[in-house]
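Visitor: Sequence first, then the predicted structure:
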Amino acid sequence: MALKIRLARAGAKKRPFYKIVVADSRSPRDGRFIERIGSYDPMLPHENEKRVIVNEDRAKHWMKVGAVPSDRVARMLSKRGLCAAPAIPEQTKKNQPKTKAQERAKAAAGGEGAAPAAAEAKPA
């Protein structure tokens, strides 16, 4: 059984509140869990000490047993010194234009002086 330390959503619509739980990785996000070890309230300001509440002893215990924290939970636990900070993935390039569009943009930007010269060369 693969254990995960992850967030389970609670709270009302547009008012999120998350429980930090230890669960089997196959169980649904808001479904069955083994133990609740903390909470996370994103509506509170970053400076508020009640924004992230974690039972550190239980978190250490579950990580020793083999539970793997999710990226978001690992980031929260690393601020408390309980685990190493997760590697931040490299930004995807899906939002950038494709190669042909980039070539056309380079030609338009670099070839502004060349475009009128090409038009003058074709007087026919």
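Guide: Structure received.

Visitor: All the strands of this structure, in order from the start?
Guide: Assigned by DSSP state E, the chain shows strands spanning 3-12, 15-24, 35-40, 52-54, 68-69.

Visitor: What is the neighbour count of the residue nearest to Y40 when sequence neighbours are not counted?
Guide: Distance criterion CB to CB, 6 or more residues apart in numbering; nearest residue to Y40, sequence neighbours excluded, is Y18 at 4.3 Å. C-beta here means a position set from N, CA and C on the backbone, and glycine is covered the same way. Neighbour count for Y18, taken as other CB atoms under 10 Å: 20.

Visitor: Which of the strands of the chain sits closest to C83?
Guide: strand 68-69 (6.3 Å; CB to CB).

Visitor: quick one: the helices in the protein?
Guide: 56-65, 71-79, 99-110, 114-121 (DSSP state H).

Visitor: Would you mind naming the residues that bridge with Y40?
Guide: According to DSSP bridges, the partner residues bridging Y40 are Y18, V52.

Visitor: what about it, how many residues close to it?
Guide: Quick note: Y40 (other CB under 10 Å) scores 20 neighbours.

Visitor: next one: the one 4 residues further on
Guide: Burial measure for L44: 13 neighbouring residues, criterion other CB under 10 Å.

Visitor: That one contacts K50, doesn't it?
Guide: Yes - if you go by CB atoms under 8 Å, L44 and K50 touch, sitting 6.1 Å apart.

Visitor: my guess is S70 meets I5, correct?
Guide: Yes - the criterion here is CB under 8 Å, and S70 meets it with I5 at 6.8 Å.

Visitor: which of the two has more neighbours?
Guide: When S70 and I5 are compared for neighbours, I5 comes out ahead with 26 against 15, by other CB under 10 Å.

Visitor: Now the more buried one. Nearest residue, chain neighbours left out?
Guide: P69 (4.2 Å).

Visitor: Enumerate every residue touching that neighbour.
Guide: 4-6, 63, 77, 83 (CB atoms under 8 Å, 6 or more residues apart in numbering).

Visitor: most surrounded residue in those?
Guide: Busiest of the contacts of P69 [other CB under 10 Å] is I5, holding 26 neighbours.

Visitor: That'll do, ta.
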